[in-house]
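> Give me a model of this one.
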Amino acid sequence: MLVLPNRLLHDDAPACLRMLQQGQSATHDSVTVVDASALTHFDSSAIAVLLECRREASAAGRGFAVKGLPPRLRELAALYGVAGLLPAAP
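All right, here's what the predicted structure looks like:
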């Protein structure tokens, strides 16, 4: 499982995405699960990072799910029309 930091703002996004990419390439799981439960300070960049992680998982033939997406971030994803692309992990 990949874990997001507690802060994911615009300036943090490139480093966070690199960290997730490294984590994805180090695992051979059939589903990439990202734990977002630690997120407390974020902006729309968090959605962009999650969508790119989803795209890369899909390109590798993997499923994608998010665990613990904060309600405010889920609302933001719904506002942008992408909530369906960030399914909740079981």
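> Rounded mean pLDDT for stretch 27-43, please.
Averaged across stretch 27-43, pLDDT comes to 95.
> who touches that stretch?
Stretch 27-43 has contacts (CB atoms under 8 Å, 6 or more residues apart in numbering) with 1-10, 20, 24, 46, 50, 53-54, 56-57, 62-70, 73, 89. For glycine as for every other residue, the C-beta is placed from the backbone atoms N, C-alpha and C.
> packing partners for the lengthiest helix in the chain?
Longest helix in the chain, counting residues (DSSP state H): helix 45-59. When contacts are defined as 3 or more CB pairs under 8 Å, 6 or more residues apart in numbering; DSSP states H and E, helix 45-59 sits against strand 7-8, helix 13-25, strand 31-35, strand 63-67, helix 71-80.
> Against Leu9, how distant is Ala15?
Using CB to CB, to the nearest Å, Ala15 is found at 11 Å from Leu9.
> let me fix that: Ala46
8 Å.
> what does Thr40 give?
On the measure of CB to CB, Thr40 and Leu9 end up 11 Å apart.
> now Asp35
Asp35 is 18 Å from Leu9, by CB to CB.
> Make a markdown table out of the helices and strands packed on helix 45-59 and add mean neighbour count.
As requested, the helices and strands packed on helix 45-59 are exported to a markdown table (neighbours: other CB atoms under 10 Å):
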| stretch | mean neighbour count |
| --- | --- |
| strand 7-8 | 20 |
| helix 13-25 | 15 |
| strand 31-35 | 19 |
| strand 63-67 | 19 |
| helix 71-80 | 14 |
